[in-house]
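S.K.: A predicted structure for the sequence below; I have some questions about it.
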Amino acid sequence: MYRLEDLPVLILSGGRGTRLREIISDSPKVLAPIEGKPFLHLILSQLQKAGFVNVVLCTGYMADKIETVIGSHFGSIEISYSREEYPLGTGGAIGRASSNVDAPYALVMNGDSFIDLKFSEFLGWHIWKDSQLSIVVTSTDESTRYGTVNLDSDGKLLGFSEKMQGTHQLKGLINAGIYLIGESIFRGIPGDKYCSFERDILPNMINKNVYGYVQCSPFIDIGTPESYSEAPRFFQNKLN
């Protein structure tokens, strides 16, 4: 049985957080403070409680500051770094970090979003499905802000709908920014050129052995001033 302690975690932490510059101009987005704690600490705390022990932070913008604040350990988690010297996008960051991974799967997470998730159940489901790539999806009333994920009745990925500006908000399934990726996929992503995982990799996986794992739990990303302002209330029971 494959265990969480055997599963490496890659956290995409290289974003500039352009929309938050007026609020946190002196820090990268993943270090944005939530009631005095860096956002990344909340993710690492979640992973530690679940039983993970190996995390790779994929850094770029203000990489030195992230390394200074986070260090080489978070509790029982050992932390290493995969730093991009020029922007590689989310796909390129995964490809570059693949040299740090010696496992048949990797868990990949966005460093600016959070969802309550039972990781052991997600891993078991991924293995049971014999999936090449599994995406955590969640239901929201603001799907037009994110774009929707389309699944068949068995959970297989059928496609994506682009986000729509200036339209009424609609209920739908969205990508929650957490993936289980098989070795054959992450080894094949180039780590020396710009590549978006969401725009360049995922659309090419439609109608293949890729599934969406529906997790209807509270979800937040802190990519906009509005959503960032909601974070203290979202995390009020998770900050202890």
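M.R.: Looks like it came in fine. Residues are numbered from 1 along each chain as shown.

S.K.: quick one: pLDDT of residue 204?
M.R.: Looking at residue 204, its pLDDT stands at 90.

S.K.: and it, helix, strand or coil?
M.R.: The three-state label given to residue 204 by DSSP: H, G, I helix; E, B strand; the rest coil is helix.

S.K.: burial count for it?
M.R.: 9 (other C-beta atoms under 10 Å). (C-beta placed from N, C-alpha, C; glycine too.)

S.K.: for the helix or strand residue 212 falls within, name the packing helices and strands.
M.R.: Assessed by DSSP states H and E, residue 212 sits inside strand 210-214. Under the contact criterion of 3 or more C-beta pairs under 8 Å, 6 or more residues apart in numbering; DSSP states H and E, strand 210-214 touches helix 119-129, strand 133-140, strand 148-151, strand 157-161.

S.K.: which of those sits most buried?
M.R.: Neighbour counts (mean count of other C-beta atoms under 10 Å) averaged over each of the helices and strands packed on strand 210-214 peak at strand 133-140, with a mean of 22.

S.K.: now that one: average pLDDT?
M.R.: 94.

S.K.: helices and strands around that strand, which ones?
M.R.: Under the contact rule (3+ C-beta pairs under 8 Å, 6+ apart), strand 133-140 is packed against helix 119-129, strand 148-151, strand 172-182, strand 210-214.

S.K.: to the chain's geometric centre, what's the distance from it?
M.R.: Offset of strand 133-140 from its chain centre (C-alpha atoms, centre = their mean, to the nearest Å): 11 Å.
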